[in-house]
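Chemist: how would this look folded up:
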Amino acid sequence: MDFLTAWWMFLLGGLVVVFVLSQSWFFLRKALIRAQELGMERRKLFKVIAGSMVFSIAPSVAILLGLLALSKTLGIVIPWIRLSVLGAVTYELPATINVVEGVFGASVSQLINDPQIFVTVVWVMTFGVLPPLIIIPLFLKRIQGRVQKIQSRSQVWSEMFMNAMFVGMISAFLGYVVAPRILEEGADPRVSLLAILVFISSAGIMAICGVLITKYRQNWLKNYAIPFSMLGSMGLAILYHFMGVR
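Modeler: Model (predicted):
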């Protein structure tokens, strides 16, 4: 497992980051050329670019937190490479937890020293992202067509359909909160009140941001709501822990 800190791993991570940045620059340049062809003002274009750069910083905080969490288990390089490309903390963390704790009964709070566990985690994370790469190019247009048909028939059913999909996605993660777990070594599994309180706190912060956005027109919060809810709930988790909640 010494390869996790080898120089060539960091070089590989650097190459991935360079590729992602190059891809971003390529499409930015193409967009600028097209905008100039359409006669858009140069000053407004650079204002939009600057605003996008600022607003992209806040969501990246959530990705950084995911990188720090995964680095305790997989080291720094593998999470760095994966989150530089995907940025899907809601996928990478559950995939790691499912394998480490669910399959091998190990702890995600410690660095993996078993090659079998490490390889299994990386393969599960890799195979898990393959379905979208197949579904999107082959079936996305057909799926969008059916969704548009529903929207054209009834706006009410359209909103219910999209809300149901969102609630279903959130429900998939509720198991990590309410499922019994071993809180101390040698103890019997039981429900973690700390996890439930953190979940409720995160939802509460997100609800407050939602009210500020919809009722008080604080649209700038749209890019900061998720980082605020994550950072706020993490801070409250520390407070709950010091209060003796487990």
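
Chemist: any idea of the mean pLDDT for stretch 176-193?
Modeler: Stretch 176-193 shows a mean pLDDT of 76.

Chemist: gap between the two ends of that stretch?
Modeler: 12 Å (CA to CA, to the nearest Å).

Chemist: taking the centroid of this structure, which residue is nearest it?
Modeler: The centre of the chain sits closest to residue 89, judged by CA atoms, centre = their mean, with a distance of 2.8 Å.

Chemist: right, and it touches residue 62 too?
Modeler: Yes: assessed by CB atoms under 8 Å, residue 89 is found in contact with residue 62 at 5.8 Å. In short, each C-beta sits where N, CA and C put it, glycine included.

Chemist: before we move on, the earlier item: what residues does the residue nearest to the centre of the chain make contact with?
Modeler: 62, 63, 65, 66, 83 (CB atoms under 8 Å, 6 or more residues apart in numbering).

Chemist: which secondary structure elements does the helix ranked longest in the chain sit against?
Modeler: Ranked by residue count and defined by DSSP state H, the top helix of the chain is helix 42-74. With contacts taken as 3 or more CB pairs under 8 Å, 6 or more residues apart in numbering; DSSP states H and E, helix 42-74 sits against helix 7-37, helix 77-85, helix 89-97, helix 115-128, helix 225-242.

Chemist: for the residue of the chain most remote from its centre, helix, strand, or coil?
Modeler: Distance from the C-alpha centroid of the chain, by CA atoms, centre = their mean, peaks at residue 39 (36.9 Å). For residue 39, the secondary-structure state derived from DSSP: H, G, I helix; E, B strand; the rest coil is coil.

Chemist: so what pLDDT did it get?
Modeler: Residue 39 is given a pLDDT of 88.

Chemist: ok, residue 23 next?
Modeler: pLDDT, read off for residue 23, is 92.

Chemist: could you measure from it over to residue 105?
Modeler: When distance is defined by CB to CB, to the nearest Å, residue 23 is 40 Å away from residue 105.

Chemist: show me where this structure dips below the pLDDT cut-off.
Modeler: Within the chain, the stretches with pLDDT under 70 are 54-55, 58-59, 87, 182-186, 223.

Chemist: run the last query once more with 50
Modeler: The chain contains no residues with pLDDT under 50.

Chemist: re the thing from before, distance to residue 142 for the helices and strands packed on helix 42-74 - can I get that in CSV?
Modeler: Shown next, in CSV, are these (distance: least, CB to CB, whole Å):
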stretch, distance to residue 142
helix 7-37, 26
helix 77-85, 27
helix 89-97, 24
helix 115-128, 23
helix 225-242, 30
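
Chemist: on that earlier part again, nearest to residue 225 among the contacts of residue 89?
Modeler: Nearest to residue 225 among these: residue 62, at 10.4 Å, using CB to CB.
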